[in-house]
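> prediction below, plus the sequence it came from.
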Amino acid sequence: MMIRTIDKAYDEIKARDPETALSRELVRQMIKTGMVPSLKVGNRKLVDVDVLQEHVAKITGSYHEDQEATR
């Protein structure tokens, strides 16, 4: 579990995949709409980077059932 702010979560995904087409704004929208769960702490929203990455994989079709088994 890697809990990060939205910006740090995006930076982590970008570090894992420098060529990602995912934008910081899309990550914000996914969290704002509830597509990705988050925790509000003060003025910040925190997100689990692994959960965020799983949601991205699901909507892009790159999610595999064996990934779920390893959780």
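Thanks, I have the structure now. None of the values given here were measured: they were computed from a predicted structure.
> in contact with the residue sitting nearest the centre point of the chain, which residues?
In the chain, the C-alpha nearest the mean C-alpha coordinate belongs to Leu52, at 2.1 Å (Cα atoms, centre = their mean). Leu52 makes contact with Ala9, Ile13, Val27, Met30, Val36 under the criterion Cβ atoms under 8 Å, 6 or more residues apart in numbering. (Glycine included, C-beta is placed from N, CA and C.)
> just the element for it, please.
Element membership of Leu52 [criterion: DSSP states H and E] is helix 49-60.
> and for Met2, nearest residue in space, chain neighbours not counted?
Leaving out its chain neighbours, the residue that sits closest to Met2 by Cβ to Cβ, 6 or more residues apart in numbering is Val49, at 4.1 Å.
> what count of nearby residues applies to that neighbour?
For Val49, the count of nearby residues is 18 (other Cβ atoms under 10 Å).
> so it is in contact with Tyr10, correct?
No: the criterion here is Cβ atoms under 8 Å, and Val49 misses it with Tyr10 at 9.1 Å.
> if we can go back for a sec, tell me which of the contacts of Leu52 fall in helices.
Ala9, Ile13, Val27, Met30 (DSSP state H).
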